[in-house]
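Student: Structural data only, the sequence is not supplied:
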């Protein structure tokens, strides 16, 4: 019996398999290359150019987030070899895959797999044959590939499902098969393009936990709209806006101190720009203080640009600075009242009678607000 987990652990530790058969031990450890994936991607689009530089260490998981249309999927398609580069270069473990304008490696020869929203299983093949497809295409014998496929299906939570066809599987089960198929091919890099977005919340949570376990030690880039996915799966977070990286760093640091409005919305935070004044924050009559030591240090010099970040649920109406209501947004638990000084999320009854154009008082407790530097 082969052990796909062991193969994944060896790759995560920097060992390169010397055989295409799943679970075959490598004869000697390969030299470590850091970063494993180095990409300078330039793709021209009608509205803007996607120009992203990305280095990913071996075994690292990087989440890429941003608004729809920001260029995230274009980045993945370029890495997967589905979209040609207009400029730049992509290399993996020191081997140049693409270099604009002439060098381009075909998708099947890159050692990179792309897993998207649609599982895209072969409808005429069983789950076992779907998972065995990659190893079989690489020359692994049918018996070994099928045996390994059954093990992979068990490891993604589908033991005994090998004889079922895609039409006999639920959406979540199809995604599990797709994950097994991707990893059975022993890729050097896995690209995830929002594979959980079409699943219900319970199924998405189950697949997320499975991905976290199965991708341990596998070099991965995950595009997502959900900060929960980034926090659960990734070591590092990259924010992309209109084709450019605007912030990157450890996931928790980026989510705690968003550098742009887009990053703040991803983190579920309000971000209001003002200046330091008197050891606190000031903006058009709104004055805020913070109990956070790092925030107070940033606000120590008057006139320095600052952004105040806080959760809308922590903002209070009825006290503080006057703010004009621009609009109201329903939320799963109440109403988000958006003003020029950020938003306050309140219970439906507390929003009764408030209309766009009204003036409200808005304040935030010092222990609920942080200040971050503005570039």
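Tutor: Yes, it's here. Owing to the predicted nature of the structure, the values given are computational and were not obtained by experimental measurement. Residues are numbered from 1 along each chain as shown.
Student: for the stretch 151-300 of the chain, what spans make up the strands?
Tutor: For the stretch 151-300 of the chain, the strands identified by DSSP state E, counting those that start in this stretch occupy 189-193, 220-223, 236-241, 244-250, 270-277, 280-283, 286-288, in order along the chain.
Student: Residue 73 contacts residue 191, correct?
Tutor: No: under the criterion of C-beta atoms under 8 Å, residue 73 makes no contact with residue 191, lying 9.9 Å away. Placement of C-beta: from N, CA and C, glycine included.
Student: per the record, what domains does this structure have?
Tutor: The record's domain parsing of the chain by automatic domain parsing lists 4-255, 269-373.
Student: hey, least reliable of those by pLDDT?
Tutor: Comparing mean pLDDT over the domains of the chain, the weakest stretch is domain 4-255, at a mean of 86.
Student: Quick one: distance of that one to the chain centre.
Tutor: Going by C-alpha atoms, centre = their mean, to the nearest Å, the spacing between the C-alpha centre of domain 4-255 and its chain's C-alpha centre is 12 Å.
Student: Name the residues of stretch 166-180 that are buried.
Tutor: Along stretch 166-180, the positions that meet the burial threshold by neighbour count (16 or more other C-beta atoms under 10 Å) are 166, 169, 172, 173, 174, 175, 176, 177, 178, 179, 180.
Student: The residues you listed in helices, which ones?
Tutor: 172, 173, 174, 175, 176, 177, 178, 179, 180 (DSSP state H).
Student: can you list the residues you listed in TSV and add distance to residue 115?
Tutor: As requested, those are arranged in TSV below (distance: C-beta to C-beta, whole Å):
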residue	distance to residue 115
172	14
173	15
174	11
175	8
176	11
177	11
178	6
179	7
180	11
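Student: that older thread, most tightly packed of the strands of the stretch 151-300 of the chain?
Tutor: Each of the strands of the stretch 151-300 of the chain was scored by mean neighbour count; the highest is strand 220-223, a mean of 25, by mean count of other C-beta atoms under 10 Å.
Student: Okay, now the sheet partners of that one, with direction.
Tutor: Strand partners for strand 220-223, identified by DSSP bridges, are recorded as strand 61-65 (parallel), strand 189-193 (parallel).
Student: what's the angle between the first one and strand 244-250?
Tutor: What it means is strand 61-65. 140 degrees (axes from the mean of the first three to the mean of the last three C-alpha atoms, to 10 degrees).
Student: residues in contact with strand 61-65?
Tutor: If you take C-beta atoms under 8 Å, 6 or more residues apart in numbering as the criterion, strand 61-65 is touched by 54, 56, 72, 75-76, 215, 218-225, 227, 229-230, 233-240, 251, 266.
Student: ok, now how distant is residue 130 from residue 184?
Tutor: Relative to residue 184, residue 130 is positioned 9 Å away (criterion: C-beta to C-beta, to the nearest Å).
Student: Need the overlap of contacts for these two.
Tutor: By the contact definition C-beta under 8 Å, 6+ apart, residue 130 and residue 184 are jointly contacted by residue 149.
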